[in-house]
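> here is a sequence with its predicted model. Questions after.
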Amino acid sequence: MTDLQDLYQELILDHGRRPRNFGRLEDANKTAEGYNPLCGDKIRVYVKVAGDVVEDIKFEGAGCAISTASASIMTDALKGKSRAESEQLFKAFHDLVTGQPPRPDTPDLGKLEVFSGVSEFPTRVKCATLSWHTLRSALSGEGEAVSTE
Ligand code: ZN
């Protein structure tokens with residue numbers, strides 16, 4: 001178990017230091033901003049939606065390693081997914097970081113599993129879910145600033 005936790009921690013640190021899909025997405029047609037006042041994490045998510053599919057997704061912002069790594073891995077996980085699949089992943093990820101047992105229809109979380117340890121640190125849950133809440137707001141088209149408070 002310790003080895004697995006080490007591996008998870010390493011992946012989070014790696015994505016926190018060198019986030020993937022970082023920067024502005026010029027041809028985005030959906031965007032939203034998120035803020036986690038508890039930790040000071042700020043993020044803007046850019047999404048290019050074509051039909052029902054998340055064709056491309058990027059983010060920019062500044063935050064702790066967990067919020068940055070979460071956004072980085074989220075953007076990797078959601079590229080090419082439909083809205084419904086994105087929503088399912090959101091729910092599964094939320095269950096994971098809040099320590100809920102997986103539902104029977106839970107999709108494979110893949111790399112997102114690295115955040116399973118976050119459930120032991122309730123104040124970090126908001127760091128891990130900030131990018132997801134922001135993405136949801138972007139997809140819903142409201143585009144308003146999201147705060148985790
Ligand atoms: Zn944070």
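Nice, thanks for sending it over.

> switch to C-alpha atoms for all contacts and neighbour counts from now on
Fine.

> now residue 122: closest residue in space that isn't a chain neighbour?
With CA to CA, 6 or more residues apart in numbering as the measure, residue 98 is the residue that lies nearest to residue 122, at 7.6 Å, once sequence neighbours are left out.

> would you agree the one you found is in contact with residue 125?
Yes: counting by CA atoms under 8 Å, residue 98 does reach residue 125; the two are 6.8 Å apart.

> which residues do these two both contact?
Residues touching both residue 98 and residue 125 by CA atoms under 8 Å, 6 or more residues apart in numbering: 118-119.

> ok, back up a step: contacting residues for the residue nearest to residue 122?
Residue 98 neighbours (CA under 8 Å, 6+ apart): 118-119, 122, 125.

> only the buried subset of those residues, as a ChimeraX command please.
The following ChimeraX line selects those of the contacts of residue 98 that are buried, judged by 16 or more other CA atoms under 10 Å:
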select :118,119,125
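
> out of the contacts of residue 98, who's near the ion?
Among the contacts of residue 98, no residue lies close to the ion (CA under 5 Å from the ion).

> could you dump the contacts of residue 98 into TSV with secondary structure added?
Output for the contacts of residue 98, formatted as TSV (DSSP: H, G, I helix; E, B strand; the rest coil):
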residue	secondary structure
118	helix
119	helix
122	helix
125	helix
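
> list, one by one, the residues from the protein near the ion.
Going by CA under 5 Å from the ion, the residues of the chain near the ion are 39, 64, 127.

> from the residues you listed, which is closest to residue 138?
The closest of the residues of the chain next to the ion to residue 138 turns out to be residue 127 (CA to CA; 17.8 Å).

> from the chain's centre, how far out does whichever strand or helix holds the closest one sit?
If you go by DSSP states H and E, residue 127 is part of helix 122-140. Per CA atoms, centre = their mean, to the nearest Å, the displacement of helix 122-140 from the mean C-alpha position of its chain is 6 Å.
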